[in-house]
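S.K.: need a structure here:
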Amino acid sequence: MSQVLQESLHRYTTGLDSAVSTVVWEAAARVPAFATRLAEAGIEPRAVVGVHDLDALPIVTKDDMIARQRSDPPFGGYLAHDVRPRRVFQSPGPMYEPQLPGTDPWRWSEALRSLGVRSTDTVLNCFGYHLSPAGAMFEEGATTVGATVVPAGTGNLDLQAGLVAELDITAYTGLPSYLKALCTRFTEAGHDPQCWGIRRALVTAEPLPDSLRAELSAWVGEVRMAYGTAEAGLLGYETAPGSGLCLPGGVLVQVCDLSSGRPVTDATVGQVVVTLLRADYPLVRFGTGDLSAWMEGPDGTPRLAGVLGRVGDAVKVRGMFLHPRQAHTALADVPGLAGFQFVVERANHRDALRCLVTAGDGVDTDALTEDVRARIRTALRFEATVELVSEIAANADPVCDRRDWS
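M.R.: Numbers count the residues shown, from 1 in each chain. Below is the predicted model of the structure:
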């Protein structure tokens with residue numbers, strides 16, 4: 001598996017060598033701030049002939065970009081002087097994001113096409129339009145495939161349920177939890193079930209657990225997860241449930257080691273780092289702050305294994321990172337498990353990992369603890385002591401680090 005994954009990642013990166021080198025050469029000539037960044041890293045633009053020639057370039061973070069924008073407003077000198085953005089958005093921080101010229105600059109149309117959205121569809125877009133780019137991102141993607149868009153935004157579920165009943169809406173973009181609320185409100189409002197026409201949904205921006213997917217699939221025939229950021233647009237999308245996130249065109253996606261910043265070529269969890277293939281806004285080696293890992297897709301291509309947490313959420317135990325969301329994923333469907341908490345302690349200069357668990361009524365506790373222990377070993381690659389407890393506080397952190405480093 002590891003060798004197959006490495007080979008597929010090699011094909012992916014070498015396939016983008018020419019595009020990446022072209023972007024670096026052109027951006028260094030058009031954007032002085034980017035040329036300075038390369039020079040500070042000791043990288044000669046013309047020496048970049050492939051993806052791996054950028055490995056030595058330090059990752060730039062959102063905080064770095066915010067600092068640059070404050071010193072050189074509004075875009076930190078990263079937008080080419082001959083480019084005028086169509087819109088300007090602001091994400092928390094605050095960080096300003098330009099909408100770049102061209103059709104569907106965030107590339108969401110690729111995910112919508114894969115889902116089957118076409119010119120015959122009407123899309124209810126339930127992402128916000130106020131300062132955040134999300135609403136505009138999905139509208140651009142939907143109009144690019146020729147679909148009609150209802151710019152619903154968020155809020156006023158009664159009105160939106162009425163829109164679904166009256167406008168022959170066939171597709172949805174938005175949060176999965178918001179789609180569930182919309183389904184519930186449609187029923188509560190007494191609308192004719194025959195008027196529910198949403199057959200496809202592209203959801204993102206929050207987790208989609210199997211239980212929620214199952215609920216939504218009872219209403220919507222095809223529910224697929226996607227992943228992107230305000231700064232970089234689409235970064236991955238499902239082609240089928242559980243298939244991992246397929247990598248889109250127009251961007252280089254890497255998973256990088258949390259310590260060295262170098263790309264990883266196995267299933268190790270690391271930070272998602274992206275390079276836009278645009279010379280007018282060279283967002284190169286940008287750290288999203290999201291954690292993911294590589295997996296092999298059903299077609300043999302490398303795919304992202306979803307978003308496994310955020311940089312800073314992980315706890316390093318015995319030289320490996322333990323991620324809260326990854327832990328939730330590993331233990332989510334253990335029969336009879338009512339709750340859990342990992343506790344990391346240190347004795348005699350050695351890390352010790354315990355997993356506290358609570359059991360549902362009538363559960364075979366011996367079988368439960370053994371099942372949890374096996375999941376931790378196979379899915380998280382840790383050995384842990386599993387202890388049955390009577391209660392775990394509802395607000396308890398999923399990973400509690402009690403180590404004393406003094």
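S.K.: Could I get the contacting residues of the residue nearest to R68 when sequence neighbours are not counted?
M.R.: Among residues not flanking R68 along the chain, G76 sits closest, at 3.1 Å (C-beta to C-beta, 6 or more residues apart in numbering). (Each C-beta comes from the backbone N, C-alpha and C, glycine too.) Contact analysis of G76 by C-beta atoms under 8 Å, 6 or more residues apart in numbering lists 33, 65, 68-69.
S.K.: Next, G76: secondary structure please.
M.R.: coil (DSSP: H, G, I helix; E, B strand; the rest coil).
S.K.: now do the one 3 residues further on
M.R.: In three-state terms, and counting by three-state DSSP, L79 is coil.
S.K.: What residues of the host helix or strand of E7 count as buried?
M.R.: If you go by DSSP states H and E, E7 is part of helix 2-14. Buried residues in helix 2-14, counted by 16 or more other C-beta atoms under 10 Å: 5, 8-9, 12-13.
S.K.: Include pLDDT and distance to P85 when you put those residues into TSV, please.
M.R.: Listed next are the buried residues of helix 2-14 as TSV, based on pLDDT from 0 to 100; distance: C-beta to C-beta, whole Å:
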residue	pLDDT	distance to P85
L5	88	38
S8	93	36
L9	95	33
Y12	96	30
T13	96	30
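S.K.: Now do the contacts for E391.
M.R.: Counted by C-beta under 8 Å, 6+ apart, E391 has contacts T358.
S.K.: what's the distance between it and Q341?
M.R.: Applying C-beta to C-beta, to the nearest Å, the value for E391 to Q341 is 11 Å.
S.K.: Please, where are all the strands along the stretch 51-200 of the chain?
M.R.: Assigned by DSSP state E, counting those that start in this stretch, the strands in the stretch 51-200 of the chain fall at 87-91, 95-99, 122-125, 148-151, 171-174, 200-203.
S.K.: how does this structure divide up, domain by domain?
M.R.: 2-98+249-310, 109-227, 315-401 (automatic domain parsing).
S.K.: secondary structure class for the most centrally placed residue in the chain?
M.R.: Centroid-nearest residue in the chain: Y227, 4.0 Å away (criterion: C-alpha atoms, centre = their mean). Here Y227 takes the strand state, with states given by three-state DSSP.
S.K.: Spatially, and excluding backbone neighbours, which residue is closest to it.
M.R.: The nearest residue in space to Y227 (C-beta to C-beta, 6+ apart) is G236, at 4.4 Å.
S.K.: which residues touch that neighbour?
M.R.: Here G236 is in contact with 226-228, 244-248, 253, 303-304 (C-beta under 8 Å, 6+ apart).
S.K.: What is the burial count for V311?
M.R.: V311 has 15 neighbours, counted by other C-beta atoms under 10 Å.
S.K.: For it, grab phi and psi.
M.R.: phi -60, psi 130 (degrees, to the nearest 10).
S.K.: right, and it touches L291 too?
M.R.: Yes: using C-beta atoms under 8 Å, V311 is in contact with L291, at 6.4 Å.
S.K.: follow-up on the earlier one: the residue nearest to Y227 is in what secondary structure piece?
M.R.: strand 233-237.
S.K.: Can you read off the pLDDT for the residue nearest to the centre of the chain?
M.R.: At Y227, the model reports a pLDDT of 96.
S.K.: how close does it get to G153?
M.R.: In terms of C-beta to C-beta, Y227 sits 21 Å off from G153.
S.K.: same thing with V343?
M.R.: For V343, the distance to G153 - C-beta to C-beta - is 42 Å.
S.K.: Same drill for these two, tell me which one is more crowded.
M.R.: Per other C-beta under 10 Å, whichever of V343 and G153 has more neighbours is V343, with 19 against 16.
S.K.: Now do the contacts for that one.
M.R.: 353-356, 400, 402.
S.K.: Mind checking what secondary structure it has?
M.R.: strand.
S.K.: what's the answer for V273, then?
M.R.: With three-state DSSP as the criterion, V273 reads strand.
S.K.: partners of it in the sheet?
M.R.: Q254, G287 (DSSP bridges).
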